[in-house]
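**Student:** got a predicted structure plus its sequence, pasted below:
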Amino acid sequence: MQSDERVWREAGLRSAVLAGDERAWRAWYDEAFPGLFAYVHWRCAGLRDLTDEIVQETWLTAVSRMRTFDPRQGSFANWLRGIAANRLRNYWRERHHRNGRLSDEHAIATPADAGIVKQEQAQRIARALALLPERHEAVLRAKYLDGRSIAEIAEEWGDSPKAVESLLTRARQAFREAYQPDE
Amino acid sequence: MNEQPPLEPDTVTPWLGVSRLPEAEVGVLRQAVFDRTTRVLRRRRWLRRGAVALALCACYIAGAATVHLLTPPPSVVTVVVKEPGAPALPVPNVAPPRPEEEPTAVAMEWDALDHPEKKVESYRRAGDRYLTESNDVQAAVRCYKQMLDAGTEQDLVIAPDDNWLLMALKEARQKEKFDAKRN
């Protein structure tokens, strides 16, 4: 019932935005912005410039492709997260092609240069998240970004806590491998 | 026994845990992105309105062109002045209006009958018009004969403005008279 209500509401907002209603767009934007920003900020491991760039690109893509959004297939927030995830994936792919291995970029940084080390670490985290399968990324997001317990995730997904715990273990392992590909 | 791997120490928490930025720091980005997306919406709205206006103009032009093409050209209105008692004759529509309101050849014939004093002149004009306007040789011969019958010796003399038919008839009449005198 709650899902029906969401679909009905988001379908109405979508129609209004497609007709050029700025007030509807303002309302929808204000509602969705904090969640999207938090997600992108997490996916970018706190890299502010990258976060701003991806957030901006995501919204511009969303507003120009609004016609393709179907509320019956998922919420607006999920749709936005999907766009952002694709943007991030493309970003890391292009960067990889351009610069080669990420770890080479700051290879000469000294441990004393804490700012650079921290920046490098953030980039590694962001890239590792971009490399994860969708299911692993989702469970890590639920756990670390949304701050949910295993029991809450299991209830929402309709899985057993054991299954979620197992998935979380595999997701962490995959993340570690993506984070430290040399080890 | 369903054995799950023991949950390892959560070593990725320091990497994946993210500190949320205060709203004030995000506010500038939020407004800037909103402004850009709103511009996209406005542009799209104007494009849609322009397309509608263009379609309406195209419909109007197409309608006007259709009316123009389907409307027949204005027909030539010929005013026929009928003398009392004159037989009604079909008048071709294509005949251009005469600069002077001259009676028709038929009317002239009737005029010659009604006014004997103008018989010679009326038959002559009627014959000329039958011959030049409708190429009706038979009717022209009839009129010229009436003219010559009603005329004097002087009217049998060939004049410079006589047409070929009248000249031939005059010549024939002169020959007839000459032969009659000789016999």
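**Tutor:** Arrived safely. Predicted model, so just to flag it, every value in this text is computed and none were measured.

**Student:** and after the top helix by length along chain B, which helix or strand comes next?
**Tutor:** What stands out as the longest helix in chain B, according to DSSP state H, is helix B:23-70. Once helix B:23-70 ends, the next helix or strand along the chain (criterion: DSSP states H and E) is helix B:105-114.

**Student:** list the helices and strands that next one packs on?
**Tutor:** Judged by 3 or more C-beta pairs under 8 Å, 6 or more residues apart in numbering or on different chains; DSSP states H and E, helix B:105-114 is in contact with helix B:119-133, helix B:137-150. Every C-beta, even on glycine, is put in place using the N, C-alpha and C of the backbone.

**Student:** of all of chain A, which residue lies closest to chain B?
**Tutor:** residue A:20 (3.3 Å; C-beta to the nearest C-beta).

**Student:** leaving out sequence neighbours, find the closest residue to that residue.
**Tutor:** Excluding the flanking residues, the one nearest residue A:20 by C-beta to C-beta, 6 or more residues apart in numbering or on different chains is residue B:45, at 3.3 Å.

**Student:** pull the number of nearby residues for the one you found.
**Tutor:** Around residue B:45 sit 15 other residues, with neighbours defined as other C-beta atoms under 10 Å in any protein chain shown.

**Student:** and the gap between it and residue A:22?
**Tutor:** Distance from residue B:45 to residue A:22, counting by C-beta to C-beta, to the nearest Å: 9 Å.

**Student:** which strand or helix spans residue B:180?
**Tutor:** helix B:164-182.

**Student:** list the buried ones in that helix?
**Tutor:** B:165, B:166, B:169, B:170, B:173 (16 or more other C-beta atoms under 10 Å in any protein chain shown).

**Student:** so what's the third one up against?
**Tutor:** Contact partners of residue B:169, counting by C-beta atoms under 8 Å, 6 or more residues apart in numbering or on different chains, are B:141, B:144, B:145, B:148.

**Student:** could you measure from the residue nearest to the third one when sequence neighbours are not counted over to residue A:61?
**Tutor:** Setting aside the residues directly before and after it, residue B:145 is nearest to residue B:169 in space (C-beta to C-beta, 6+ apart), at 6.9 Å. Spatial separation of residue B:169 from residue A:61 under the definition C-beta to C-beta is 101 Å.

**Student:** quick check: residue A:150 touching residue A:168?
**Tutor:** Yes: counting by C-beta atoms under 8 Å, residue A:150 does reach residue A:168; the two are 6.9 Å apart.

**Student:** any residues in contact with both of those two?
**Tutor:** Common neighbours of residue A:150 and residue A:168, counting by C-beta under 8 Å, 6+ apart, are residue A:143.

**Student:** can you get me a residue count around the residue nearest to residue A:76 when sequence neighbours are not counted?
**Tutor:** Nearest in space to residue A:76, with sequence neighbours left out and distances taken as C-beta to C-beta, 6+ apart, is residue A:10 at 5.3 Å. If you count neighbours by other C-beta under 10 Å, residue A:10 ends up with 20.

**Student:** how about the helices of chain A, start to end?
**Tutor:** Using DSSP H, helices in chain A cover A:2-18, A:22-43, A:48-64, A:76-99, A:114-131, A:134-140, A:150-157, A:161-179.

**Student:** TSV please, covering these and showing mean pLDDT and distance to residue B:113.
**Tutor:** Formatted as TSV, the helices of chain A follow (pLDDT from 0 to 100; distance: least, C-beta to C-beta, whole Å):
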stretch	mean pLDDT	distance to residue B:113
helix A:2-18	89	89
helix A:22-43	92	93
helix A:48-64	93	93
helix A:76-99	88	102
helix A:114-131	79	115
helix A:134-140	89	113
helix A:150-157	90	117
helix A:161-179	89	123
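
**Student:** any idea of the pLDDT on the closest residue to chain A within chain B?
**Tutor:** Chain B approaches chain A most closely through residue B:45 (3.3 Å), counting by C-beta to the nearest C-beta. pLDDT, residue B:45: 86.

**Student:** which residues touch the residue nearest to residue A:76?
**Tutor:** Applying C-beta under 8 Å, 6+ apart, the residues near residue A:10 are A:71, A:75, A:76.

**Student:** report how many residues lie close to residue 150.
**Tutor:** In the absence of a named chain, chain A is used. A count of neighbours around residue A:150, defined by other C-beta under 10 Å, yields 20.

**Student:** that was the other one, I meant chain B.
**Tutor:** 16.

**Student:** ok, it to residue A:52 distance?
**Tutor:** For residue B:150, the distance to residue A:52 - C-beta to C-beta - is 116 Å.

**Student:** residue B:65 now?
**Tutor:** 54 Å.

**Student:** where in chain B is pLDDT low?
**Tutor:** For chain B, residues meeting the criterion pLDDT under 70 lie at B:1-11, B:18-20, B:77, B:81-101.

**Student:** can we see that at 50?
**Tutor:** B:1-7 (pLDDT under 50).

**Student:** domains for it, by residue range?
**Tutor:** B:21-70, B:105-178 (automatic domain parsing).

**Student:** what's the most buried one of those domains?
**Tutor:** Highest mean neighbour count among the domains of chain B (mean count of other C-beta atoms under 10 Å in any protein chain shown): domain B:105-178, with a mean of 16.
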